[in-house]
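[1] only geometry, no sequence info:
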């Protein structure tokens with residue numbers, strides 16, 4: 001028998017003796033996978049040292065002498081979802097002596113914050129969705145993580161992107177999250193090797209000349225938190241190539257000054273379309289706002305609400321109509337078009353080599369197969385935080401992350417995930433039915449009014465649902481409904497009054513107090 005093989009056997013024996021002192025030797029946490037271990041061509045002493053060090057690093061004993069294994073967690077993205085996920089795993093380390101998570105956050109930029117990190121890109125091709133004068137369309141009292149309250153101080157409830165970034169920075173500082181984050185780390189490849197073996201490869205810049213270094217590491221769990229505001233979605237439109245003016249997507253918009261004195265069409269009347277059309281309307285000659293829910297043209301000052309944009313003719317004129325009306329409108333004076341038409345999901349690091357079946361076809365705005373819009377149904381050790389939209393993102397991501405963590409514990413306190421066949425069936429049904437709204441496949445992840453029951457369900461899965469959690473969710477719903485009612489009462493291009501309202505939370509009564517309002521709806525509803 002060679003000295004190398006003999007040394008390897010010695011290592012295994014030493015590990016068995018070590019684990020024999022632990023009370024939980026038969027627990028899942030002490031099962032080591034040696035099948036992938038290879039013995040390098042080195043001296044027996046070196047082999048023994050490296051293997052023993054590696055094994056010991058992944059195994060610890062808690063205060064009761066029980067043997068526990070360190071689980072490596074990779075988190076892709078250092079925005080609001082990534083920070084909440086990192087915090088959820090680290091909090092579990094604090095609360096449970098039988099768990100030990102080694103968390104690594106891979107963030108492509110040099111700072112946290114994701115889309116909330118605004119950069120002035122006016123001198124270059126803008127490729128980030130945040131624009132200069134944005135204020136939130138949700139009050140900070142509602143936006144905040146449950147664990148880190150924000151607002152109720154009598155100051156403005158609707159805040160700037162700078163305020164949101166400072167909040168996220170304070171959150172990261174409060175819970176010491178920066179220690180986990182690798183900045184300047186762009187993930188290039190995710191590969192599933194086994195049930196709890198996921199390889200991540202990422203690139204870091206090594207010098208000013210653009211040279212990069214490729215890193216690779218294997219994780220037990222990977223949480224994908226890369227957001228969904230990077231790949232602009234522009235609908236196919238007959239005659240779009242015949243338009244003679246400027247055409248951009250909202251991701252390229254920064255401020256209204258380039259449109260002073262011009263006639264502009266904004267396509268899409270969701271929050272970004274409403275905000276951008278209002279901003280441009282302050283300086284433009286005229287603004288058309290195309291809304292698929294609109295049946296006939298309505299004009300408010302220099303802003304006209306139009307039905308769905310249908311086509312552009314050979315003259316460059318834009319045609320609008322609604323399937324619910326026989327009336328067609330034509331605009332022949334448009335200088336620029338801004339598509340406020342949303343984004344497609346994109347995971348550039350998941351491909352045919354990933355050994356992970358994941359479908360995210362541009363135009364469908366649907367990711368499948370996902371169980372409860374969170375776990376990959378076939379490989380739940382890969383999860384996706386922040387996929388749902390038309391929701392209150394920070395607290396929902398926080399609750400999602402806690403649910404993901406719960407399924408990695410030795411003992412699940414909440415509700416364990418169902419078997420593989422049931423997860424796949426549920427994911428298939430969800431994707432085929434168009435999600436909880438049961439409408440278009442494009443609305444699969446559009447939760448809106450369904451987000452509260454979604455949060456309750458995930459909180460039950462994690463074992464965190466109790467009276468306090470219900471108060472938190474119900475109060476969020478109350479503020480969300482009030483905020484939405486005020487926002488929807490605003491006319492296109494009108495004064496931005498709803499953002500003047502100031503809230504104070506009242507979780508005990510599942511309600512809120514209005515500290516100040518200019519909308520004329522003073523009663524609490």
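    Good, I have the coordinates. Nothing here was measured: the structure is a model prediction, and the numbers come from that model.

[2] Could you find the residue nearest the spatial middle of the protein?
    The residue lying closest to the centre of the chain (CA atoms, centre = their mean) is residue 386, at 3.0 Å.

[3] who's in contact with it?
    Neighbour list for residue 386: 80, 81, 225, 227, 228, 393, 396, 397, 400 [criterion: CB atoms under 8 Å, 6 or more residues apart in numbering]. The C-beta positions use only the backbone N, C-alpha and C, and glycine is treated the same way.

[4] Who wins on neighbours among those residues?
    Neighbour counts for the contacts of residue 386 (other CB atoms under 10 Å) peak at residue 400, which has 32 neighbours.

[5] how close does that one get to residue 271?
    Counting by CB to CB, to the nearest Å, the gap from residue 400 to residue 271 is 22 Å.

[6] So which residues of the stretch 151-300 of the chain form strands?
    With DSSP state E, counting those that start in this stretch applied, the stretch 151-300 of the chain shows strands at 181-182, 186-194, 197-205, 212-219, 221-224, 231-232, 246-249, 263-267, 286-290, 298-300, listed in chain order.

[7] so how far is the second one from its chain's centroid?
    What that stands for is strand 186-194. How far strand 186-194 lies from its chain's middle: 19 Å, per CA atoms, centre = their mean, to the nearest Å.

[8] Give me the neighbour count for residue 481.
    For residue 481, the neighbour count with other CB under 10 Å is 12.

[9] got it, and the one 3 residues further on?
    By the other CB under 10 Å criterion, the neighbourhood of residue 484 contains 15 residues.

[10] got the contact list for it?
    By CB under 8 Å, 6+ apart, the contact set of residue 484 is empty.

[11] right, and residue 337 touches residue 246 too?
    Yes. In this structure residue 337 lies within contact range of residue 246 using CB atoms under 8 Å: 7.2 Å.

[12] These two - which one has more neighbours?
    Higher neighbour count among residue 337 and residue 246: residue 337, with 23 against 15, using other CB under 10 Å.

[13] can you give me phi and psi for that one?
    Note on residue 337: its backbone torsions stand at phi -120, psi 130 [degrees, to the nearest 10].

[14] show me what contacts it?
    Residues in contact with residue 337 (CB under 8 Å, 6+ apart) are 243, 245, 246, 247, 248, 264, 265, 267, 318.

[15] repeat that for 7 Å
    By CB atoms under 7 Å, 6 or more residues apart in numbering, the contact set of residue 337 is 243, 245, 247, 265, 267.

[16] Quickly check the residues you listed for the two that are furthest apart.
    For the contacts of residue 337, with distances taken as CB to CB, the pair at the greatest spread is 245 and 267 (13.3 Å).

[17] The two: which has the busier surroundings?
    The neighbour comparison of residue 245 against residue 267 (other CB under 10 Å) goes to residue 267, with 26 against 13.

[18] Any figure for the gap between the more buried one and residue 74?
    The gap separating residue 267 from residue 74 is 38 Å, by CB to CB.

[19] for residue 145, same thing?
    From residue 145 to residue 74 the distance is 22 Å (CB to CB).

[20] So which of the two has more stuff around it?
    Per other CB under 10 Å, whichever of residue 145 and residue 74 has more neighbours is residue 74, with 24 against 20.

[21] and that one, bridged to which residues?
    For residue 74, the beta-bridge partners are residue 104, residue 222 (DSSP bridges).

[22] Please name the residues that touch it.
    Taking CB under 7 Å, 6+ apart, we find residue 74 in contact with 104, 106, 198, 200, 219, 222.

[23] So what would you say the end-to-end distance of stretch 440-459 is?
    Length of stretch 440-459, first residue to last, CA to CA, to the nearest Å: 27 Å.

[24] That stretch - what's its average pLDDT?
    The predicted model assigns stretch 440-459 a mean pLDDT of 95.

[25] got the contact list for residue 353?
    Per CB under 7 Å, 6+ apart, neighbours of residue 353: 189, 191.

[26] Which parts of the chain are helices?
    For the chain, helices defined by DSSP state H occupy the ranges 3-20, 44-57, 80-95, 140-143, 161-174, 271-281, 393-406, 420-433, 451-462, 467-488.

[27] show me where pLDDT drops low in the protein?
    Confidence mapping of the chain against pLDDT under 70 gives the ranges 1-67, 521-525.

[28] repeat that for 50
    3-5, 7-57, 523-525 (pLDDT under 50).

[29] And residue 111, how far from residue 184?
    Separation of residue 111 from residue 184 (CB to CB): 10 Å.

[30] what's the answer for residue 419, then?
    From residue 419 to residue 184 the distance is 41 Å (CB to CB).

[31] That's all I had, so thanks and see you.
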